[in-house]
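S.K.: attaching a predicted model along with its sequence, questions to come.
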Amino acid sequence: MPLYVSEMEPYKHRGSLNVLFQLSITVGILYANVVNYFTQKMANGEGWRVSLDGAAVPALIIGISAFLLPNTPNSILKKGNPTKEREMLCRIWGISDREVEAGFNDIVEATKAMKDR
């Protein structure tokens, strides 16, 4: 997920969004531990089922929604369609075609550098 966020967002926002992702993971771990603490004392030892079912809900939501995410600009460029990549950058970054040029050039250079390895 952090790689997807890094490829989809403009470079100005990448760091803060990846930190937000890490914070979300940490808060989720805290939440899971609090739920486990309170469910461990349930009658008949059923607490583990509540904890497991509670963890399955967000996992299913994330797993299903992953199939609905669009391709990243890098993957579109690797398929050889730079025009479609520019359109994608304009749409996801919400800026004009002229303003996308710098980000587009960075992605093209990074892709060429990876091919040259």
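M.R.: Arrived safely.

S.K.: what helix or strand is residue 58 located in?
M.R.: Following DSSP states H and E, one finds residue 58 within helix 47-66.

S.K.: any chance you could list what contacts that helix?
M.R.: By C-beta atoms under 8 Å, 6 or more residues apart in numbering, the residues outside helix 47-66 that reach it are 28, 32, 35-36, 39-42. Just so you know, the C-beta spots here come from the backbone N, C-alpha and C atoms, and that holds for glycine as well.

S.K.: what's the PyMOL line that selects buried ones from those residues?
M.R.: One line in PyMOL is enough to select the buried ones among those; burial here means 16 or more other C-beta atoms under 10 Å:
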select buried, resi 39
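
S.K.: of the contacts of helix 47-66, closest to residue 95?
M.R.: Nearest to residue 95 among the contacts of helix 47-66, counting by C-beta to C-beta, is residue 28 at 32.2 Å.

S.K.: I'd like to know how far the spatially closest residue to that closest one that is not a sequence neighbour sits from residue 73.
M.R.: Here the nearest residue to residue 28 in space, its sequence neighbours aside, is residue 58; by C-beta to C-beta, 6 or more residues apart in numbering that works out to 7.7 Å. As defined by C-beta to C-beta, to the nearest Å, residue 58 lies at a distance of 27 Å from residue 73.
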